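J.: Quick one: sequence and predicted model below, then my questions.
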Amino acid sequence: MFNQLLPYLLAGVSVGGQYALIAVGYTMVYGILRLINFAHGDVFTAAGFFMVYLMASMPLGVAAPLVILLTVALGFTLERVAYKPLRQAPRMSVMISAIGASYLLQNLMWYVTGGLAKQYPVLPLLSDSVQIGAASTKVVTLVTPVLTVLLVVALQLLIKHTKIGMAMRAVSVDFETSQLMGIKINSVISTTFIIGSALAAVGSMLYFTNYSTVTPTVGAMPGLKAFVAAVFGGIGSIPGAVIGAFIIGICENLIKAAGYTAFSDAFTFALLILVLLFRPTGLFGEKTAEKV
Amino acid sequence: MSLLYIDDLRVSYGGIEAIKGISITVEKGEIVTLIGANGAGKSTTLRAISGLVPLKSGTITYDGSVISGQSPQKIVSEGICMVPEGRRVFPNLTVQENLRIGAYLRKDDIQPDIDHVYQLFPRLKERSWQLAGTLSGGEQQMLAVGRALMMRPKLLMMDEPSLGLAPLVIRDIFKIIQTLHEEGITILLVEQNANAALRIADSAYVLETGSLGMHGTGKELLDDPRVKEAYLGKARE
Ligand SMILES: Nc1ncnc2c1ncn2[C@@H]1O[C@H](COP(=O)(O)OP(=O)(O)O)[C@@H](O)[C@H]1O
Ligand SMILES: [Mg+2]
């Protein structure tokens, strides 16, 4: 029994970690701007393409940091161009700008790639096979949850114990008073996008190593799942998003193990509806989601 | 030379002019109070000085240089700190973090300043590790004052510090204001609680729907029958 379930559990924990790395970006941006950054999934996809193009001409050791750098630059630019000019605008306008940014990125990627699916490069080490008990899997399956937990713990330490982390917490509740403290709101918001994009870049390397092809819309599904994870965990809460992501990843794969593969995506979205209906603040969400 | 000089200040929100050309002088070492009814524009005046709202026209001069048009960061770093209306402590930060964030722009050792605030407000010291959101209204007001002191302000602006507090707590707050004044901090105090404010003020201005009304020493206004009628609730005694 356990031996049969093991590969599914491993896959679940691994996918969960990948969702978690994307979900943190959603939840952090929501925590500060009360904005659902619809373009986050497309930033994740772009990170996939960056790797495709970079690995064509350089080794992983150079390409991987460059992918992170480029993705961060993209996330930063996205915020400066699509969101910053709307800081005083009604929330609905920012939301529409986010949707526009998402389509813009997707269409840019169609344009650049010609719409053809690109083969994701085989990343040395990560793509190697290992044997766990009776199950055989890729190294990435084991690396993902460990790396995810390490990165999230580091992020939590940053938020709880550094000056910029304290500023992020302050800005998340009160822009104006934060300004009175001398905090530059825009740099704090940029920092949030930088961190979210960097984690999405790492997530993309782990994700595409398992899924092997990149298309301009491939990020939509993991992006949506990560978004559900963030809502399920309580949007705005980082530990919530991570726990939500692992729960969703594991449940999806257990559903596959039970033979209902066709329903694994439906499960996630049914979960979203249930959470929104019965516990809109999610597992760890703030009780008062409205900003003063 | 005065510490702060506001010259013909105008501020508007959208098309509506909230401040219609006011001039105010704050001398170094004084307590200056700005009284007026709800909606008169008191908070808007302080927010304009802090750089939170843009001026429509006019200039604000501080310590000999024009600060209007500067960013809030720059203005705080010059030593103008604000205790905002409604306290606005960061509820999700601890008491100590609220103090630390008050010194956000400082690079030197802030421990002596934290100790100083705890000495002024021993209640805060006991609650150092508590989240600010769990404090009582009076404690939050003390924390908001303490937080503003962390930048070692030359000019401390307080927006209705007595709002919504019990009489005993209000008395403590006004005592603290006087203590800070004795320490040499210049204070610009906005109050609806005109009585208490005028008692401790060296100089006072009355603001009426965006324009200046009477002006004089605290005592003069306290004795003025028009002020009594409109702001002290002592009409026709
Ligand atoms: N953010 C804002 N947007 C539009 N109008 C505002 C805003 N803030 C204040 N006002 C208006 O400006 C006027 C002065 O308000 P305010 O400065 O808060 O008065 P006070 O502090 O004396 O009660 C009021 O008529 C108020 O409605
Ligand atoms: Mg006010």
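T.: That came through, no problem. Ligands and ions are numbered 1, 2, ... in the order given.
J.: Report how many residues lie close to residue 222.
T.: This is for chain A. By other Cβ atoms under 10 Å in any protein chain shown, 24 other residues sit near A:P222. Any C-beta I mention is one placed from the backbone N, CA and C, and that applies to glycine too.
J.: look at chain B instead
T.: 19.
J.: what's the closest non-adjacent residue to it?
T.: For B:L222, ignoring the flanking residues on the chain, the nearest one in space by Cβ to Cβ, 6 or more residues apart in numbering or on different chains is B:L198 at 4.4 Å.
J.: Report the contact partners of the one you found.
T.: B:33, B:35, B:204, B:218-219, B:221-222, B:227 (Cβ atoms under 8 Å, 6 or more residues apart in numbering or on different chains).
J.: Show me which of those is closest to ligand 2.
T.: Distance to ligand 2 across the contacts of B:L198 (Cβ to the ion) is lowest for B:I35, with 11.4 Å.
J.: Doesn't the residue nearest to B:L222 lie inside a helix?
T.: Yes - counting by DSSP: H, G, I helix; E, B strand; the rest coil, B:L198 is part of a helix.
J.: any idea how far ligand 2 is from it?
T.: Using Cβ to the ion, to the nearest Å, we find B:L198 at a distance of 18 Å from ligand 2.
J.: isn't A:G165 right next to A:L158, touching?
T.: Yes - with contact defined as Cβ atoms under 8 Å, A:G165 counts as touching A:L158 (4.9 Å).
J.: For the residue of chain B found nearest ligand 2, what are phi and psi?
T.: Evaluated by Cβ to the ion, chain B has B:S43 as its residue closest to ligand 2, separated by 3.2 Å. Reported as degrees, to the nearest 10, the phi and psi values for B:S43 are phi -60, psi -40.
J.: Can you give me the neighbour number for it?
T.: So B:S43, with other Cβ under 10 Å, has 20 neighbours.
J.: Thought B:M157 was touching it, still the case?
T.: No - using Cβ under 8 Å, B:S43 is not in contact with B:M157; the gap is 10.2 Å.
J.: Now the common contact residues for those two.
T.: B:V190.
J.: neighbours of residue 66, just the number please.
T.: In the absence of a named chain, chain A is used. Neighbours around A:L66, by other Cβ under 10 Å: 16.
J.: looking at chain B here, not the other one
T.: With other Cβ under 10 Å as criterion, B:V66 counts 12.
J.: That one contacts B:K74, doesn't it?
T.: No - B:V66 is not in contact with B:K74 according to Cβ under 8 Å; the separation is 11.6 Å.
J.: List the contacts of A:A11.
T.: A:137, A:141, A:253.
J.: which SSE is it in?
T.: A:A11 belongs to helix A:2-33 when elements are defined using DSSP states H and E.
J.: What residues sit buried inside the following helix or strand past that helix?
T.: Using DSSP H and E, the helix or strand that follows helix A:2-33 in sequence is helix A:40-55. Buried residues in helix A:40-55, counted by 16 or more other Cβ atoms under 10 Å in any protein chain shown: A:40-52, A:54-55.
J.: Turn the contacts of B:L198 into CSV, including secondary structure, pLDDT and distance to ligand 1.
T.: Output for those, formatted as CSV (DSSP: H, G, I helix; E, B strand; the rest coil; pLDDT from 0 to 100; distance: Cβ to the nearest ligand atom, whole Å):
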residue, secondary structure, pLDDT, distance to ligand 1
B:T33, strand, 96, 13
B:I35, strand, 94, 9
B:A204, strand, 95, 15
B:G218, helix, 90, 19
B:K219, helix, 91, 23
B:L221, helix, 91, 17
B:L222, helix, 89, 20
B:V227, helix, 82, 16
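J.: Show me which of those residues are buried.
T.: B:33, B:35, B:204, B:218, B:221-222, B:227.
J.: Can I get the strand or helix carrying A:Q131 in CSV, CA atoms only?
T.: In this structure, A:Q131 sits in strand A:129-132 according to DSSP H and E. C-alpha atoms of strand A:129-132 as CSV (Å, rounded to 0.1, in the frame of the first residue of the first chain):
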residue,chain,number,x,y,z
SER,A,129,17.2,9.8,-11.4
VAL,A,130,17.3,8.5,-7.9
GLN,A,131,15.8,5.4,-6.3
ILE,A,132,13.7,5.9,-3.1
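J.: Can you tell me what sits against it?
T.: By Cβ under 8 Å, 6+ apart, strand A:129-132 touches A:6, A:10, A:136-139, A:142.
J.: Kindly recompute the last result at 6 Å.
T.: A:136, A:139 (Cβ atoms under 6 Å, 6 or more residues apart in numbering or on different chains).
J.: what's the most distant pair in the contacts of B:L198?
T.: Within the contacts of B:L198, B:I35 and B:K219 form the most distant pair, 13.9 Å apart (Cβ to Cβ).
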